[in-house]
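Engineer: sequence below, structure please.
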Amino acid sequence: MESVRAEMVAGVLSLAVGVGDDVEAGQTLLLLESMKMEIPVVPEGPGRVVRIAVGPGDVVQEGDLLVVLGEA
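Structural biologist: From the prediction side, this is the model:
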């Protein structure tokens with residue numbers, strides 16, 4: 001399993017995937033906003049979305065869990 005975590009303090013703008021979706025390395029999982037910049041969050045490898053720990057409007061801190069990926 002791969003845990004995708006926030007790299008900075010940011011707000012969650014939108015989700016691009018749902019639980020059960022298969023994703024590829026580099027595919028946008030969600031968009032964060034920090035200092036008026038949109039930052040796509042992407043996985044390092046392929047997988048299936050097992051859990052989404054945040055939603056639009058949430059504020060995350062560095063290291064917070066965003067998405068958990070399992071094997072596709």
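Engineer: the nearest residue to residue 1 once chain neighbours are set aside and residue 52, how far apart?
Structural biologist: Nearest residue to residue 1, sequence neighbours excluded (Cβ to Cβ, 6 or more residues apart in numbering): residue 70, at 5.3 Å. Where you see a C-beta, it was placed from the backbone N, CA and C, and this is true even at glycine. Note on residue 70: its distance to residue 52, by Cβ to Cβ, to the nearest Å, is 13 Å.
Engineer: comparing the two, which shows the higher neighbour count?
Structural biologist: residue 52 (19 against 11; other Cβ atoms under 10 Å).
Engineer: my guess is the more buried one meets residue 21, correct?
Structural biologist: No - between residue 52 and residue 21 there is no contact under Cβ atoms under 8 Å: 9.7 Å.
Engineer: below-threshold pLDDT in the chain: ranges please.
Structural biologist: Within the chain, no stretch has pLDDT under 70.
Engineer: quick one: secondary structure of residue 33?
Structural biologist: Three-state call for residue 33 (DSSP: H, G, I helix; E, B strand; the rest coil): strand.
Engineer: ok, it - contacts?
Structural biologist: By Cβ atoms under 8 Å, 6 or more residues apart in numbering, residue 33 lies in contact with 10, 11, 12, 13, 39.
Engineer: could you do residue 60 as well?
Structural biologist: Taking Cβ under 8 Å, 6+ apart as the test, what residue 60 contacts is 6, 9, 10, 11, 12, 32, 54, 66.
Engineer: which among those residues gets closest to residue 25?
Structural biologist: residue 66 (16.0 Å; Cβ to Cβ).
Engineer: what is the helix or strand that closest one falls within packed up against?
Structural biologist: Taking DSSP states H and E as the definition, residue 66 sits inside strand 65-70. Using 3 or more Cβ pairs under 8 Å, 6 or more residues apart in numbering; DSSP states H and E, the elements in contact with strand 65-70 are strand 2-5, strand 47-52.
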